[in-house]
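*Asks:* Kindly generate the corresponding structure for this input.
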Amino acid sequence: MVTWARALAVAAGLGKLTVFSGLGQPLKAEIELLAVQKDEADNLSVHLPPADAFRQANIEYAGALLSIKFNIEQRGEGQYVVT
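*Replies:* Reported below is the predicted structural model:
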């Protein structure tokens, strides 16, 4: 028997990237999320693509990427960022 799972994927627009860390320091940055409503932000999550996606795009996959943690934070009325 085959069971099918249905997944919903929604892409958010990405804006400006701001890096707060210096060279040799752990990465601390945020990326603006564009046109995201409050009810959408509550259900968004951010994940690094699997290693296979990197290979398909001919991008080197470094193991250090596994330590990156993403959060979605509100920075004012209707403004959201990925940190």
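*Asks:* mind listing the helices for this structure?
*Replies:* Read by DSSP state H, the chain holds these helices, from start to end of the chain: 38-41, 51-56.
*Asks:* Out of those, flag the one nearest Gly22.
*Replies:* Shortest separation from Gly22 across the helices of the chain is recorded for helix 51-56, at 26.0 Å, computed as CB to CB. C-betas here are computed from N, CA, C, even on glycine.
*Asks:* what does that closest one contact?
*Replies:* Outside helix 51-56, the residues within contact range by CB atoms under 8 Å, 6 or more residues apart in numbering are Glu60, Tyr61.
*Asks:* Could you list the buried residues of the lowest-mean-pLDDT helix or strand in the chain?
*Replies:* Of all regular secondary-structure elements in the chain, judged by mean pLDDT, DSSP states H and E, the least confident is helix 38-41 with a mean of 77. Residues of helix 38-41 classed as buried under the neighbour-count rule (16 or more other CB atoms under 10 Å) are Ala41.
*Asks:* now stretch 16-35
*Replies:* Within stretch 16-35, the residues that count as buried by 16+ other CB under 10 Å are Glu30, Ile31, Glu32, Leu33.
*Asks:* Stretch 53-69 too?
*Replies:* Judged by neighbour count (16+ other CB under 10 Å), stretch 53-69 contains these buried residues: Tyr61.
*Asks:* how about the residue nearest to the spatial centre of the chain, what does it touch?
*Replies:* Of all residues in the chain, the one closest to the mean position by CA atoms, centre = their mean is Val46, 3.7 Å from it. Contact analysis of Val46 by CB under 8 Å, 6+ apart lists Phe70, Asn71, Ile72, Val82.
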